[in-house]
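Trainee: Show me how the following folds:
(chains A and B)
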Number of protein chains: 2
Amino acid sequence: MLPMNFLPADRSADYILTGSWGKKAVKEAKRCGAVNIAATMADGGFTRVPGQDELHLDPNAAYVHITSNETIEGVQWKQEPDTGDVPLVADASSDILSRAIPVEKYGLIYAGAQKNIGPSGVTLVIIRDDMLQRIPDGLHTMLDYRTHVENNSLYNTPNTWGIYIISLVCKWIKDKGGISGMERENEEKAQLIYDAIDATDFYRGHADADSRSPMNVTFRLPSEDLEKKFTSEATAQKLDGLKGHRSVGGIRASIYNAFPREGVEALVSFMKDFERRNG
Amino acid sequence: MLPMNFLPADRSADYILTGSWGKKAVKEAKRCGAVNIAATMADGGFTRVPGQDELHLDPNAAYVHITSNETIEGVQWKQEPDTGDVPLVADASSDILSRAIPVEKYGLIYAGAQKNIGPSGVTLVIIRDDMLQRIPDGLHTMLDYRTHVENNSLYNTPNTWGIYIISLVCKWIKDKGGISGMERENEEKAQLIYDAIDATDFYRGHADADSRSPMNVTFRLPSEDLEKKFTSEATAQKLDGLKGHRSVGGIRASIYNAFPREGVEALVSFMKDFERRNG
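Mentor: Numbering: from 1, shown residues only, chains lettered A, B, ... in the order given. Coordinates of the predicted model:
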């Protein structure tokens, strides 16, 4: 929907690739207009975000697209790239509401609800007012962002139950001290696992230290056999869903807002025990 | 999504208009290709479906579109028009699962869930296998019906809670004797109100007898003042939502699958009492 609204056939958009979701976004954008890969971290296996000096930004780009957190690789942008006058756009599906973000730096943020916001079947879009003037006429009504702005997101009958649950999730986040309280808790949870990784050579983090995601902690063991044994034994102890995505392998602990600190502590305890027995 | 997939820019589709939703569908279809209004009942105020001899069908049309039940006017197709070799397509949002339909007569049926299927935020599409071959390449992934067919409706993370509730609704319908049991119950419910309308000149049905909807019963009173009094007194007796849509006025009783017979009986009792006091 982003390229339909903002990438005309005769223009180009910049995409910065730090993982699998960014690649999917490029595939869709190419149906609308040209795509300039302003940077890709594919060569290193998507272990970090690029530095500002690694970006080949086009000053005439329609927008610059990033994926704020790549779930499969466990790579997160800690601060936004400088895109000058070109609007910055983020797919923030997997870290929205997990930390404070400087929303004024973005032209548009979009995010599926199902990681941190609420149940699946709802999408959140934050769009800067002046972006609306760039939208061409003639789009299908439901696929034109202006329809939803002008109708207060009620042009169609939306997922009412999902939206109600989101109101409860927002209250729950407020009770936890708001976004800053949530962010502190997420950092503490992630640090427990990253500390366990860094304390030994048995575990090896996938992402570079300065790009590590607090949402998806990805790491490897000395061999694939040990990784299989790790996930299988973990599952038996009800530590489920730890197998890394098939495209990268290894282990992935997804610890979104709703995942409790106790679960993280149980995982760290299991990791230490597993290393003692197999290290 | 229908015209994107099946109405190329150089072709035309037939639309039969029996109410407000059909008009909306035409507006969207025109963004893709040409539209031939094969019949419109607008002149009579959308009180009935056209007869076969009133249809100006184009034998080269990409498809013929009907709205199986028009919620605002309370008009329903009792049997499908004969469209020859041209695929028949229906927006069945407001009467799907309320009655048996000869699904083999359709090329495609689409329906929002929120009337009879389950909670809002889910759409059901039934598509005949051979229709898939007509879809052009180059559509956006999420807007190409083949994506959802090939991925068993799980290309994206769908509205999981909504789909779970739909499974419970389907069980509930089975317990009521399946679609045929549901249909019998719906006909009985509607007949109670239509009988009350036909028993007097005080109430006047909007739709012609042979096009009456069992889902939305629309009728008028002798004056708009009486209609206002009717809805206001009904609301005080907890018979809510009876005001007709602003585009047609009058009274509308929407009695979808989930609406209980007791509610219909309470309405009929109120109607008789209201007439006695104001007739």
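Trainee: who does the most centrally placed residue in chain A bridge with?
Mentor: With distances taken as C-alpha atoms, centre = their mean, residue A:69 lies nearest the centre of chain A, 2.8 Å away. Beta-bridge pairing for residue A:69 (DSSP bridges): residue A:76.
Trainee: Tell me who's in contact with it.
Mentor: Residue A:69 makes contacts with A:75-77, A:92-95, A:213, A:215-216, as judged by C-beta atoms under 8 Å, 6 or more residues apart in numbering or on different chains. Any C-beta I mention is one placed from the backbone N, CA and C, and that applies to glycine too.
Trainee: out of those residues, which are inside strands?
Mentor: Within the contacts of residue A:69, residues falling in strands by DSSP state E are A:75-76, A:216.
Trainee: those helices in the stretch 1-150 of chain A, which residues are they?
Mentor: Secondary structure of the stretch 1-150 of chain A (DSSP state H, counting those that start in this stretch): helices at A:2-6, A:20-29, A:145-150.
Trainee: Chain B is nearest to which of those?
Mentor: helix A:20-29 (6.0 Å; C-beta to the nearest C-beta).
Trainee: in the closest one, what's buried?
Mentor: Of all the residues in helix A:20-29, those buried under the rule 16 or more other C-beta atoms under 10 Å in any protein chain shown are A:20-23, A:25-26, A:28-29.
Trainee: For the stretch 51-200 of chain A, which segments count as strands?
Mentor: A:64-67, A:69-70, A:75-76, A:88-91, A:108-112, A:123-127 (DSSP state E, counting those that start in this stretch).
Trainee: Comparing those strands, which comes out most buried?
Mentor: Highest mean neighbour count of those: strand A:69-70, a mean of 28 (counted as mean count of other C-beta atoms under 10 Å in any protein chain shown).
Trainee: what residues are up against residue A:38?
Mentor: Residue A:38 sits in contact with A:14-16, A:55-58, A:61, A:64, where contact means C-beta under 8 Å, 6+ apart.
Trainee: Over to residue A:97?
Mentor: Applying C-beta under 8 Å, 6+ apart, the residues near residue A:97 are A:116-117, A:169, A:173, A:179, A:182, A:257.
Trainee: Of the residues you listed, just the buried ones, ChimeraX syntax please.
Mentor: In ChimeraX, a selection of the buried entries from those looks like this (16+ other C-beta under 10 Å):
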select /A:116,117,169,173,179,182,257
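Trainee: Would you reformat the ones in strands among the contacts of residue A:69 as CSV and include pLDDT?
Mentor: Below are these laid out as CSV (pLDDT from 0 to 100):
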residue, pLDDT
A:75, 98
A:76, 98
A:216, 98
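Trainee: from those residues, which is closest to chain B?
Mentor: Taking those together and measuring to chain B by C-beta to the nearest C-beta, the closest member is residue A:216, at 15.7 Å.
Trainee: where's residue A:108 relative to residue B:124, distance?
Mentor: For residue A:108, the distance to residue B:124 equals 31 Å [C-beta to C-beta, to the nearest Å].
Trainee: and the longest helix for chain A?
Mentor: Counting by DSSP state H, the longest helix found in chain A is helix A:178-198.
Trainee: Using CSV, write out every CA atom in it.
Mentor: Presented in CSV, the C-alpha positions along helix A:178-198 are these (Å, rounded to 0.1, in the frame of the first residue of the first chain):
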residue,chain,number,x,y,z
GLY,A,178,4.1,3.6,29.6
ILE,A,179,6.5,3.2,26.7
SER,A,180,9.5,4.1,28.8
GLY,A,181,8.6,1.5,31.4
MET,A,182,8.0,-1.1,28.7
GLU,A,183,11.4,-0.2,27.0
ARG,A,184,13.3,-0.6,30.3
GLU,A,185,11.7,-4.0,30.9
ASN,A,186,12.4,-5.1,27.3
GLU,A,187,16.1,-4.1,27.6
GLU,A,188,16.4,-5.9,30.9
LYS,A,189,14.9,-9.1,29.5
ALA,A,190,17.1,-9.0,26.4
GLN,A,191,20.2,-8.2,28.4
LEU,A,192,19.8,-11.4,30.4
ILE,A,193,20.1,-13.5,27.3
TYR,A,194,22.8,-11.4,25.6
ASP,A,195,24.8,-11.6,28.8
ALA,A,196,24.5,-15.4,28.8
ILE,A,197,25.7,-15.4,25.1
ASP,A,198,28.6,-13.1,25.8
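Trainee: Check which helices and strands it sits against.
Mentor: helix A:160-175, strand A:204-205, strand A:216-220, helix A:261-278 (3 or more C-beta pairs under 8 Å, 6 or more residues apart in numbering or on different chains; DSSP states H and E).
Trainee: The same query, at a cut-off of 10 Å, please.
Mentor: helix A:160-175, strand A:204-205, strand A:216-220, strand A:251-254, helix A:261-278 (3 or more C-beta pairs under 10 Å, 6 or more residues apart in numbering or on different chains; DSSP states H and E).
Trainee: okay if I get the contacts of residue A:69 as a markdown table plus distance to residue A:102?
Mentor: Shown next, in a markdown table, are the contacts of residue A:69 (distance: C-beta to C-beta, whole Å):
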| residue | distance to residue A:102 |
| --- | --- |
| A:75 | 19 |
| A:76 | 15 |
| A:77 | 12 |
| A:92 | 12 |
| A:93 | 18 |
| A:94 | 18 |
| A:95 | 14 |
| A:213 | 18 |
| A:215 | 18 |
| A:216 | 22 |
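Trainee: Between the residues you listed, which sits nearest chain B?
Mentor: Nearest member of those to chain B, counting by C-beta to the nearest C-beta, is residue A:93, at 9.9 Å.
Trainee: what number of residues lie near the closest one?
Mentor: Around residue A:93 there are 23 other residues, counting by other C-beta atoms under 10 Å in any protein chain shown.
Trainee: what does residue A:272 give?
Mentor: 15.
Trainee: residue contacts, it?
Mentor: Residues near residue A:272 by C-beta atoms under 10 Å, 6 or more residues apart in numbering or on different chains: A:196, A:199-200, A:202, A:279.
Trainee: cool, residue A:25 as well?
Mentor: Residue A:25 touches A:2-3, A:13, A:15, A:17, A:35, A:65-67, A:89, A:91, A:110, counting by C-beta under 10 Å, 6+ apart.
Trainee: same thing with residue A:132?
Mentor: Contacts of residue A:132 by C-beta under 10 Å, 6+ apart are A:5, A:144-146, A:149-150.
Trainee: Likewise for residue A:104?
Mentor: residue A:128.
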